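Student: my questions concern the predicted model and sequence given below.
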Amino acid sequence: MTDQRYSNSTFQVEYPYNKSTITRSGHEIDINDTPGHESLRFMHTRGTGVEINETGGWSQVVADNATNYFKKGLTETVEGHKDVKIAGNLNSNVDNSINDVTGGDRNMAQGGSLIIATGGTRLDHVSDDMTVTIDGTHTVAIAGDASYSTTGDHVSLVNGTKKEILSEVQTTATGNIEIINTGNVYRIKTGTFIVEADAIILKTSTGGQISLGALISLLAPGAVSITAGLRASITAADVSITGPAGINLNNNL
């Protein structure tokens, strides 16, 4: 009959093809020569045992803790699938390096927290696309410099408020820079605002106002042109226009 102490036991005996030895304490050694079911079984009285079935398959049951010690190296080769199930914790302590190579896909599901601590350099290389989805808060703290290099487009989508607190900002672009604000107000607050450009154009597409509430200095080595499609008005307590080559005011209204 099949021994139920082994979940996948196929041990079946038929008299007189079985030699069984049972000691006084209950240890058992079975040598089974039953045709079609040739097998071996060695069992401890507490339930620990090994069974080798008719195909050469190996089943092992350990009723208590197990300790394996290898003085030299250990090589394990599995040509089929390998399943490992651990009801408790898994602790791995390696004094030297770990090399993990996977020829196919790798899936990792983490039910709790995941902490990765690296004492040296960390390099992540992805040959294809990479997608990161975070349902909660994402916090990145970098003690040194941070560099980002993108050969294609870079798109940032923020549905809420985006705040950047920087001690100094420098933006260098070899192409155009375009800022499109679909809301009502675009505000820049600073002590000194300096714009250096070959040409500066201030334009209101809906006929609104351009209000300058503080001291404004326009310094241009060449000509400055102010063109209004309708009425142009300058209101100030004191207006001074000085030109070394003279002043020409043309009113075509």
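Tutor: Sure, I can see it. Numbers count the residues shown, from 1 in each chain.

Student: least trustworthy helix or strand in the chain by mean pLDDT?
Tutor: strand 58-61 (a mean of 90; mean pLDDT, DSSP states H and E).

Student: buried ones in stretch 44-60?
Tutor: 44, 49, 51-53, 59 (16 or more other CB atoms under 10 Å). Any C-beta I mention is one placed from the backbone N, CA and C, and that applies to glycine too.

Student: name the strands paired with the least confident helix or strand of the chain and say parallel or antiparallel.
Tutor: Here strand 58-61 is paired, per DSSP bridges, with strand 49-52 (antiparallel).

Student: report the backbone C-alpha coordinates of the strand it pairs with in CSV.
Tutor: The C-alpha trace of strand 49-52 is given here as CSV (Å, rounded to 0.1, in the frame of the first residue of the first chain):
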residue,chain,number,x,y,z
GLY,A,49,12.9,9.4,5.9
VAL,A,50,14.0,9.0,2.3
GLU,A,51,12.2,7.2,-0.5
ILE,A,52,13.6,6.3,-3.9
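
Student: list the contacts of it.
Tutor: Residues outside strand 49-52 that contact it (CB atoms under 8 Å, 6 or more residues apart in numbering): 3, 5-6, 9, 11, 28, 39-43, 58-61.

Student: in these, find the pair that's most separated.
Tutor: Greatest spacing in these, by CB to CB: E28 and W58 (17.4 Å).

Student: hey, what's T21 bridged with?
Tutor: Beta-bridge pairing for T21 (DSSP bridges): I29.

Student: share the number of residues neighbouring it, please.
Tutor: By the measure other CB atoms under 10 Å, the count of residues near T21 is 9.

Student: that one: what's it in contact with?
Tutor: Contacts of T21 (CB under 8 Å, 6+ apart): 28-30.

Student: adding pLDDT and distance to S97, write those out as TSV.
Tutor: Listed next are those as TSV, based on pLDDT from 0 to 100; distance: CB to CB, whole Å:
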residue	pLDDT	distance to S97
E28	94	45
I29	96	43
D30	94	45
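
Student: and the buried ones among these, selectable in ChimeraX?
Tutor: Command for ChimeraX that selects the buried part of the contacts of T21, burial taken from 16+ other CB under 10 Å:
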select :30
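
Student: show me the shaky parts of the protein.
Tutor: 1-8, 204-222, 224, 229, 239-253 (pLDDT under 70).

Student: all helices for the stretch 1-150 of the chain, in order.
Tutor: Taking DSSP state H, counting those that start in this stretch as the criterion, the stretch 1-150 of the chain contains no helices.

Student: so which residues of the stretch 101-250 of the chain form strands?
Tutor: Counting by DSSP state E, counting those that start in this stretch, no segments of the stretch 101-250 of the chain form strands.
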